[in-house]
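Q: Got a sequence here, can you build the structure:
(one chain, ligands or ions: 1)
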Amino acid sequence: MSKADLIVGIQWGDEGKGKIVDMLAQKYDMVCRSQGGHNAGHTIWVDGVRYALHLIPSGVLNKDAINIVGNGVVLSPSSIIEEMEQFDNLEGRLFISDKAHLNLPYHAQIDIAREKLKGDKAIGTTGKGIGPAYADKINRTGHRVGELLDTKKLCDSILESFEINRPIYEALKIKTPKKEELLRELEGYKEKLEPFIANTTNLVWKAIDEDKKILLEGAQGTLLDIDHGTYPYVTSSSTVSAGACTGLGINPKDIGKVIGIVKAYTTRVGHGPFPTEDFGEDGKRMADVGREVGTTTGRRRRCGWFDAVSVKYSSRLNGCDEFALMKLDVLDGFEKIKICVAYEIDGKQIDYMPSNLDRVKPIYEEIEGWDKVEGISDFDKLPEGAKRYIRRIEELTQTKVGIISTSPDRNDTIVL
Ligand code: IMP
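A: Next up is the predicted model:
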């Protein structure tokens, strides 16, 4: 029996999971997604060809790996179908849980309409219908991927849900789909997706029993977790490692190594508190050098300094064995680098994460910067300043750094 290794985002997503998952996926027999939807996204280049992934696990680029979209995912059929078109021969290599919930076009319409109504209280969602699809699941008015196998029944069931929700949908100006159009749309999805719909729980258990190497690929980040993140400015799924258990149907004992992916500074897309955000030249420089623009929505990311308080919290929540420290090269050439070591709230200093970050101010420690780490793939060759920064992060977060990335290139990676 094998144990599954897990990759989890430690901050507000976009930590650079794509590079690590892509690097590691080559060594795994199975790669699984357990939560989120097409709000996630990363781009992978292989032999000069660009692949955009949102729902399909990164193992798809390893032709020998099996890819699982677990029950905890909210699946947009049109989005996954578009993604699938980038690859040949996916049958037998991609399986979608029959228990995953459908994220249908009206979910995105509701998402966008709600955000508009909220005005300056908007979350800044990706507009992909993620919240409304999960809300339907929890309300028990959702529809599962397995229901696509009987499109007529599913069509009637969706229309029934529209009836139940009519007052809400009318207020949001969401039109009830026409029966024939909806049926045609669902039949299109069925035709493309039927060969991939499976009981993925059984497939993952079988892989565990057969001692296969399994990688669980997290989406978004811990601070966007529905329970433990900066609520309400979060996504609607369990982004922490425990979410992988419910999102795939495995038990906690099935999880082996947990690798937390953490950026050498901090970024956030959308609204919500961000204590170490830098509104000046430094933040702008991080955004420019780090090319901090969202892959899914094209929005510019907010940037700021490394926050050791929230990272330590995330490490504990996930049970991280080690961190992969990403984009260290983006801090090249900064004279001084700040690390947030504690928060101040109502005149008091605290070193733990409160449940609300609204009134928190960062307390910084400053260290000397370094000249250049870009392209270095040997720890001993790193400048002293960079080594000191890494050691300080380890101390403050009580987590060892096992991987260091010094450029987007696969080769510019230090494995300790
Ligand atoms: P939603 O997931 O579209 O509902 O968006 C909720 C919040 O999560 C917003 O602040 C989004 O910007 C953020 N978010 C969702 N997916 C990602 C991601 O993949 N990376 C970073 N932020 C994300």
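Q: Could you use CA atoms for every contact and neighbour count after this?
A: Noted.
Q: Next up, the contacts around the residue sitting furthest away from the middle of the chain.
A: Distance to the chain centre peaks in the chain at E180, reaching 35.6 Å (criterion: Cα atoms, centre = their mean). With contact set as Cα atoms under 8 Å, 6 or more residues apart in numbering, E180 has no partners.
Q: can you give me the mean pLDDT across the helix or strand containing it?
A: Per DSSP states H and E, E180 falls inside helix 179-193. Across helix 179-193, pLDDT averages out at 98.
Q: Could you tell me how far that helix lies from the centre of the chain?
A: A distance of 29 Å separates the centroid of the chain from that of helix 179-193, by Cα atoms, centre = their mean, to the nearest Å.
Q: Next: stretch 252-265.
A: In terms of Cα atoms, centre = their mean, the gap separating the centre of stretch 252-265 from the centre of its chain is 13 Å.
Q: next one: stretch 194-201
A: 22 Å.
Q: Please apply the same query to stretch 380-395.
A: For stretch 380-395, the distance to the chain centre is 27 Å (Cα atoms, centre = their mean).
Q: what sits against I112?
A: Shown in contact with I112 (Cα under 8 Å, 6+ apart): G127, G129.
Q: immediately after the helix or strand harbouring it, which helix or strand?
A: Using DSSP H and E, the element containing I112 is helix 105-118. For helix 105-118, the following helix or strand on the C-terminal side (DSSP H and E) is helix 130-139.
Q: Name the next helix or strand following that following helix along the chain.
A: Moving toward the C-terminus from helix 130-139, the next helix or strand (DSSP H and E) is helix 151-164.
Q: lowest-pLDDT helix or strand in the chain?
A: Ranked by mean pLDDT, DSSP states H and E, the helix or strand of the chain with the weakest confidence is strand 42-46, at a mean of 79.
Q: what does that one rub up against?
A: G18, K19, D22, R50, Y51, A52, L53, H54, T295, T296.
Q: which SS state does A342 fall under?
A: Assigned with DSSP: H, G, I helix; E, B strand; the rest coil, A342 falls in the strand class.
Q: Report the secondary structure state of the closest residue to Q398 other than its chain neighbours.
A: In space, and not counting its chain neighbours, Q398 is closest to K312: 6.8 Å by Cα to Cα, 6 or more residues apart in numbering. Three-state assignment for K312 (three-state DSSP): helix.
Q: and the end-to-end length of stretch 1-13?
A: One end of stretch 1-13 sits 31 Å from the other (Cα to Cα, to the nearest Å).
Q: Use 53 as the first number from now on
A: All right, first residue 53 from here; so that's stretch 53-65.
Q: Now do the buried residues in that stretch.
A: Buried residues in stretch 53-65, counted by 16 or more other Cα atoms under 10 Å: S54, K55, A56, D57, L58, I59, V60, G61, I62, Q63, W64, G65.
Q: Switch the residues you listed over to TSV; also include pLDDT and secondary structure.
A: Converted to TSV, the buried residues of stretch 53-65 look like this (pLDDT from 0 to 100; DSSP: H, G, I helix; E, B strand; the rest coil):
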residue	pLDDT	secondary structure
S54	96	coil
K55	96	coil
A56	97	strand
D57	97	strand
L58	97	strand
I59	97	strand
V60	98	strand
G61	97	strand
I62	98	coil
Q63	98	coil
W64	97	coil
G65	94	coil
